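Q: give me the fold of what follows.
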Amino acid sequence: MRADIKNIIFDFGNVILPLDLEASAQAMTSLLKIPYDAYHQEMPAFFRDFEIGKINTSEFIELLKKESKQSFSDQDFLQAWNAILLVIPNTTISFLETLSKRHKLYLFSNTNEIHIGCVKDKMGNDAFQSFEKMFEKIWYSHQIGYRKPDMAAFEFVIQDAGIIPEETIFVDDGKMHIEGAAKAGLHSRWHSPDQHISRTMIDFL
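A: The predicted structure follows:
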């Protein structure tokens with residue numbers, strides 16, 4: 001067990017919450033009539049604006065229609081946009097519950113109001129509230145106005161939590177986010193989405 005680590009900051013998607021990237025790419029490609037992977041890699045500015053809460057859902061959808069030159073219903077968009085989201089395994093919930101008895105857990109995610117709303121709906125309000133209560137603090141990018149891997153995002157999280165970076169480990173599936181966390185002084189650990197989170201955190205068992 002790592003005695004030097006008191007705090008663990010987890011990413012959400014593809015670390016705790018499994019994602020179906022292939023289903024998402026197919027659904028969004030069908031909706032927009034353009035290869036979504038290549039399009040999303042370029043990350044149009046309004047995608048970032050949506051993730052940091054500068055624009056709301058309605059504004060995002062209208063900008064996406066304008067950019068793609070496609071007309072689609074809000075319902076078709078929501079179905080395609082949420083195709084990426086799977087279900088948090090019960091084994092992951094149990095592992096986090098055990099971990100929370102010995103460490104302070106935090107959640108830091110680049111996300112948006114649609115995806116969080118969908119996760120809540122899938123889990124049910126009571127289960128979602130119980131899940132969130134396992135964490136000392138939760139930072140969703142669209143609520144705090146910062147997104148990884150920007151240094152300002154990590155600085156905000158460190159200050160808001162009042163944690164000591166040297167006593168904190170950050171876990172993420174994105175290597176650029178791991179690099180950003182390391183620059184902010186946090187210990188960092190890359191998680192492979194192909195394995196259960198308990199394997200990544202094996203020395204905390």
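Q: alpha carbons only for contacts and neighbour counts from here, please
A: Noted.
Q: how about the helices of this protein, start to end?
A: Listed in chain order, the helices found in the chain under DSSP state H are 21-32, 36-41, 45-51, 57-68, 74-81, 90-100, 113-123, 125-132, 141-144, 151-161, 175-183, 197-200.
Q: domain-wise, how is this structure divided?
A: 7-18+89-204, 21-84 (automatic domain parsing).
Q: mean confidence score for the last one?
A: To tie it back to what came earlier, the one meant is domain 21-84. Computed over domain 21-84, the mean pLDDT rounds to 91.
Q: could you do the longest one as well?
A: Here the mean pLDDT over domain 7-18+89-204 is 97, rounded to a whole number.
Q: quote the end-to-end distance of that domain.
A: Using Cα to Cα, to the nearest Å, the end-to-end distance of domain 7-18+89-204 comes to 11 Å.
Q: thought Phe154 was touching Lys183?
A: No: the pair Phe154 / Lys183 is not scored as a contact, 9.2 Å apart, by Cα atoms under 8 Å.
Q: tell me which of those two has more neighbours.
A: Phe154 (23 against 14; other Cα atoms under 10 Å).
Q: check contacts around that one.
A: Applying Cα atoms under 8 Å, 6 or more residues apart in numbering to Phe154 gives the contacts Lys148, Gly180, Ala181, Ala184.
Q: those: which two are farthest apart?
A: Greatest spatial distance in these: Lys148 and Ala184, 11.5 Å, computed using Cα to Cα.
Q: ok so, going back, and the domains of the chain, which is most packed in?
A: domain 7-18+89-204 (a mean of 17; mean count of other Cα atoms under 10 Å).
Q: partners of the residue most central in space within the chain in the sheet?
A: Centroid check for the chain by Cα atoms, centre = their mean gives Ser109 as the closest residue, at 3.3 Å. Beta-bridge pairing of Ser109 under DSSP bridges involves Tyr140.
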